[in-house]
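K.L.:
return a 3D structure for these sequence lines:
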Amino acid sequence: MKIDICMRYLLIIWMMAFLCGCAGKSTDNEVLQIDLNAEHSSIRLNLKDIADVTYIKLASNTDLLVRSRALVCNENYILTKGGETGEILMFDREGQPVRKFSHYGNGPHEYNYITNLRMDEKRGEIYVHDVFSRKIVVYDLNGEYIREFASGDARFIYNFNDDAFLVYNTETNRVNSDLKPYFSILAKNDGEIQKKIEVPFSSGKKYDLTVTKEGDDGRFSYTAMHLPVVRNSEGYILNELSSDTIYQYSYVS
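P.N.:
Numbering: from 1, shown residues only. Have a look, this model is predicted:
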C-alpha cells in the first residue's frame, strides 16, 4: 500500500475506524458495537508502520502560488488551488508545474467557487464542483471547456468508477431544512442520479470538532472538516455523523 502525504487528511477517519475495530470482536455474522462510555486503551501509530509514504514538494514561485492542500492526487498528476481566485494548478508527480488555468466568473462555462475538484485521468476530464451555483463544470486536461450539468444537493463528490461519482448530498441553500443528508451514485456524463443510498438515522445532527489554543498573542480556533466518505481497499466507508454506524459501500452493486 502506498499513500502520498497529500492524502494524509483522508487517513484520519480511516485510523479512527481502525482503532475502533481494535476495541471489540466480531464475526462475519455480527455487527461490531463499541461502547463509547467505556475506557479503552490508546494505541500510538506511526504512519510509516502501516504505509509507504512519499513526500512531494510542489514547486512555487511568484507566478505560481499554491494556496491550498492538494485536492487531487492520482498516478500522474496533482491538482490544487492557485494564488488567484478560481485558479487551478496542475503538477506532475515530481512536484513540477504542468499548467494552470482559470474559468472563474458567473458566465457560461465558468464557476464561481471551487467546492470540490476531481480528475478522471482515463476519461481525460477535470471536474469543478461549484456548490453555490449547484453545478459541475467539466474541462479537459488542458483546461478547455467540455460540458456542465446540475449537481443538485451534492456537497462532496468522489470518483467511484469510470462512469460515476459517489456523492454526499445535503441541503446547502437551506431551501428545505428538513431534507435528510444522503449518499448517491451520480453519472459523470450528465449528473443523473443512478442510485440513492440512504443511511438510517432518526434526526439530523450537527457535530464540529474544534481545537482552540490561547496564548499571549490571542486565541486561535480550528474546526476540522467532516469527511463523509473515505476510500479503502474494498470500496468506501460512508460516515454520516447523524448516524451511530459507519457503513462499507462496495464497488460491487
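
K.L.:
list the contacts for Val131?
P.N.:
113, 115-116, 151, 154-155, 172 (C-beta atoms under 8 Å, 6 or more residues apart in numbering). Placement of C-beta: from N, CA and C, glycine included.

K.L.:
could you rerun that using 10 Å?
P.N.:
Shown in contact with Val131 (C-beta atoms under 10 Å, 6 or more residues apart in numbering): 112-116, 151, 153-157, 170, 172-173.

K.L.:
of the residues you listed, which pair is most distant in space?
P.N.:
Maximum pairwise distance in the contacts of Val131, criterion C-beta to C-beta, is 19.4 Å, between Asn112 and Thr170.

K.L.:
where does the stretch 101-250 of the chain have low pLDDT?
P.N.:
172-178, 206-209, 224-225 (pLDDT under 70).

K.L.:
how about the strands in it?
P.N.:
For the stretch 101-250 of the chain, strands defined by DSSP state E, counting those that start in this stretch occupy the ranges 116-120, 125-130, 135-140, 145-150, 154-159, 164-169, 182-187, 193-197, 209-215, 218-224, 229-232, 235-238, 247-250.

K.L.:
who are the packing partners of the fourth one?
P.N.:
Here strand 145-150 is seen to pack against strand 125-130, strand 135-140 when contacts are counted using 3 or more C-beta pairs under 10 Å, 6 or more residues apart in numbering; DSSP states H and E.

K.L.:
of those, which is nearest Asp163?
P.N.:
Between Asp163 and the helices and strands packed on strand 145-150, the tightest spacing by C-beta to C-beta is seen for strand 125-130, at 11.6 Å.

K.L.:
pull the contacting residues for Tyr247.
P.N.:
183, 197, 199-200, 235-240.

K.L.:
sorry, back to before: Asp49: which of the helices and strands packed on strand 145-150 is closest?
P.N.:
Per C-beta to C-beta, nearest to Asp49 of the helices and strands packed on strand 145-150: strand 125-130, 34.6 Å.

K.L.:
can you select the buried ones from the contacts of Val131 in PyMOL?
P.N.:
Here is the PyMOL command that selects only those of the contacts of Val131 that count as buried (16 or more other C-beta atoms under 10 Å):
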select buried, resi 112+114+115+116+151+153+154+155+156+157+170
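
K.L.:
is it possible to export the contacts of Val131 to TSV including distance to Asp63?
P.N.:
Output for those, formatted as TSV (distance: C-beta to C-beta, whole Å):
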residue	distance to Asp63
Asn112	24
Tyr113	23
Ile114	20
Thr115	26
Asn116	26
Ser151	32
Asp153	38
Ala154	33
Arg155	33
Phe156	31
Ile157	30
Thr170	38
Thr172	34
Asn173	36
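
K.L.:
just give me the closest of the contacts of Val131 to Lys205.
P.N.:
Closest to Lys205, out of all of those and judged by C-beta to C-beta, is Thr170, at 12.2 Å.
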